[in-house]
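*Asks:* Model the following, please.
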Amino acid sequence: MVADDAQDAQIVPLKGAIANLNWFDAQRKHYETPDQIARRFKLPDDDAMRAFCQGAASMLDRRTIQFIQRVPGAPDGAWTLLADTDKARQWLFGVEWEFRPGGAFRLPEAGVGVAAHGLIAELHPGEVLELAAEDGSTVRFEALDASGSARARRDIPNYTGAITEFRVTNRVPETAGVPERLRDTTAEQIAQPGGAGTHRVGVVAAWHRAASLLQKLAFEEANLFWPPEQAIGLDLEALVAAYAKLLPAFYKA
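*Replies:* Sure, this is the predicted structure:
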C-alpha cells in the first residue's frame with residue numbers, strides 16, 4: 001500500500017532511519033498492530049521492521065543510494081574487512097580483485113543488475129575505496145571514526161571500545177536505461193520504479209544485504225553479539241518486498 005497524497009506531502013521516505021519509521025507508521029490503518037503491518041511488508045515482526053529501517057538505504061539523489069553500518073573497532077582494524085580479500089569475499093559478492101589503484105575487480109556472486117566488473121578508481125588505505133564499473137556506475141566505501149558519536153553508541157549498546165562507521169554509496173550512471181521487468185525474487189517481478197538512470201529494487205536490496213553481511217562479520221571478528229533482529233538485512237526476498245513499496249514512494253514524492 002502506498003501513502004496517499006496528504007501523507008506523501010508530509011513524509012519523504014528513504015531519507016534516514018527516522019523518516020523510514022515515520023513512513024511505515026503512516027501506512028498503518030487504525031486497526032493494524034505493528035506486527036500486522038510488518039507482515040504486510042513481508043518483514044517478520046515489529047523488531048525486524050525497525051531493524052530494517054535502521055539499516056535502510058538513504059536516497060541522496062535520484063541516482064545515489066547510501067547505506068551506513070556502524071561496527072565495533074577502529075577504522076584501521078575495521079578496514080581489514082576490505083583489505084583482506086578472504087574477508088571481503090564473505091560479504092562483497094565474492095569479490096576478486098587486484099587491491100591497488102587501477103586494479104581490476106570482479107563480483108562473481110553479484111545478482112542481476114549489480115555491476116560486476118571494472119577498476120579500482122580510488123584507494124586510500126584505512127579511509128576510502130571506490131570501484132568504477134564498466135557500465136559507468138560507482139560504489140564507494142568509506143571508514144570513519146564514530147567513537148564519539150552518541151548515535152553510534154546507541155547502535156552498539158553496552159560496548160565501550162572504538163566504533164567505525166562504514167558508508168557504502170552506490171551511484172548509477174545517467175545513461176542507465178530501463179531494463180525489462182526481471183525476476184528479483186522467486187515470487188514476483190519488480191519494475192524499475194524511478195525510470196531510466198535510477199536503481200532497480202533488486203539492486204538496492206542486494207547492497208542492503210551486502211552492508212548487513214559486513215556488519216555481521218565485523219561483530220563476529222570482535223566477538224560481540226549481533227542482535228538477531230538484524231538478520232532481516234540478510235533476507236533478500238523480504239528486502240525486495242520492502243523496497244518495492246519504499247522506492248516508488250520516494251520517486252513519487
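*Asks:* In the beta-sheet assignment, what are the partners of the residue nearest to residue 68 when sequence neighbours are not counted?
*Replies:* What sits nearest to residue 68 in space, not counting adjacent residues and going by C-beta to C-beta, 6 or more residues apart in numbering, is residue 167, at 5.5 Å. (Glycine included, C-beta is placed from N, CA and C.) When bridges are called by DSSP bridges, residue 167 pairs up with residue 68, residue 142.
*Asks:* Hmm, residue 167 is touching residue 141, no?
*Replies:* Yes. Using C-beta atoms under 8 Å, residue 167 is in contact with residue 141, at 7.3 Å.
*Asks:* Compare the two (neighbour count), which wins?
*Replies:* Per other C-beta atoms under 10 Å, whichever of residue 167 and residue 141 has more neighbours is residue 141, with 22 against 16.
*Asks:* how close does that one sit to residue 66?
*Replies:* Residue 141 sits 11 Å away from residue 66, going by C-beta to C-beta, to the nearest Å.
*Asks:* For the two, list the residues in contact with both.
*Replies:* Shared contacts of residue 141 and residue 66, defined by C-beta atoms under 8 Å, 6 or more residues apart in numbering, comprise 167, 168.
*Asks:* Run through the strands of the stretch 51-200 of the chain in chain order.
*Replies:* For the stretch 51-200 of the chain, applying DSSP state E, counting those that start in this stretch gives strands covering 58-61, 64-72, 96-97, 104-106, 117-124, 128-133, 138-145, 163-171, 182-183, 189-190.
*Asks:* Now render those as TSV, adding distance to residue 202 and mean pLDDT.
*Replies:* Below are those laid out as TSV (distance: least, C-beta to C-beta, whole Å; pLDDT from 0 to 100):
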stretch	distance to residue 202	mean pLDDT
strand 58-61	16	87
strand 64-72	13	94
strand 96-97	22	97
strand 104-106	19	98
strand 117-124	18	97
strand 128-133	16	97
strand 138-145	15	97
strand 163-171	13	96
strand 182-183	7	54
strand 189-190	6	64
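*Asks:* can those strands go into a markdown table with extra columns for distance to residue 243?
*Replies:* As requested, the strands of the stretch 51-200 of the chain are arranged in a markdown table below (distance: least, C-beta to C-beta, whole Å):
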| stretch | distance to residue 243 |
| --- | --- |
| strand 58-61 | 11 |
| strand 64-72 | 10 |
| strand 96-97 | 27 |
| strand 104-106 | 25 |
| strand 117-124 | 24 |
| strand 128-133 | 21 |
| strand 138-145 | 17 |
| strand 163-171 | 13 |
| strand 182-183 | 15 |
| strand 189-190 | 8 |
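*Asks:* Among these, which comes closest to residue 39?
*Replies:* strand 189-190 (19.2 Å; C-beta to C-beta).
*Asks:* relative to strand 163-171, how tilted is the helix or strand following that closest one?
*Replies:* The C-terminal neighbour of strand 189-190 among helices and strands, as given by DSSP states H and E, is helix 201-221. When axes from the mean of the first three to the mean of the last three C-alpha atoms, to 10 degrees is applied, the directions of helix 201-221 and strand 163-171 differ by 160 degrees.
*Asks:* between helix 201-221 and strand 64-72, how big is the angle?
*Replies:* Interaxial angle of helix 201-221 relative to strand 64-72 (the same axes, to 10 degrees): 10 degrees.
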